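*Asks:* Predicted model follows, preceded by the sequence.
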Amino acid sequence: MIEVTRLNGTKLIVNAEMIEFVEETPDTVISLLDGKKIIVKESRQDIKNLVILYKREFMAANHLS
């Protein structure tokens, strides 16, 4: 799960595994596998970094189990 910020300032937790793609149009739009779209303040690169961090933490936690 990653935390992002909607344009109105509210925080939202998104399942990183459900992200299909992210685009900047110029607002950053996260498109989910179920067809939903979320417009957020974070840049495309920020989202990429959050997903990478999430996956690293997930892999490390599963490796220790």
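*Replies:* Noted; the coordinates are in hand. Since we're looking at a predicted model, the values are computed, not measured. Residues are numbered from 1 along each chain as shown.
*Asks:* I'd like the distance between Ala60 and Leu53.
*Replies:* 11 Å (CB to CB, to the nearest Å). C-beta here means a position set from N, CA and C on the backbone, and glycine is covered the same way.
*Asks:* Please identify which of these two sits among more neighbours.
*Replies:* Applying other CB atoms under 10 Å to Ala60 and Leu53 shows that Leu53 carries more neighbours, namely 12 against 9.
*Asks:* What helix or strand is the more buried one located in?
*Replies:* Using DSSP states H and E, Leu53 sits in helix 44-64.
*Asks:* That helix - contacts with which helices or strands?
*Replies:* Other helices and strands packing on helix 44-64, by 3 or more CB pairs under 8 Å, 6 or more residues apart in numbering; DSSP states H and E, are strand 2-5, strand 19-24, strand 28-32.
*Asks:* winner for burial among those?
*Replies:* Comparing the helices and strands packed on helix 44-64 by mean neighbour count (mean count of other CB atoms under 10 Å), strand 28-32 comes out on top with a mean of 18.
*Asks:* From the chain's centroid, how far away is whichever helix or strand comes after that one?
*Replies:* Using DSSP H and E, the next helix or strand after strand 28-32 towards the C-terminus is strand 37-40. A distance of 10 Å separates the centroid of the chain from that of strand 37-40, by CA atoms, centre = their mean, to the nearest Å.
*Asks:* same thing with stretch 13-31?
*Replies:* The answer for stretch 13-31 is 6 Å, by CA atoms, centre = their mean.
*Asks:* average model confidence for that stretch?
*Replies:* Stretch 13-31 comes out with an average pLDDT of 97.
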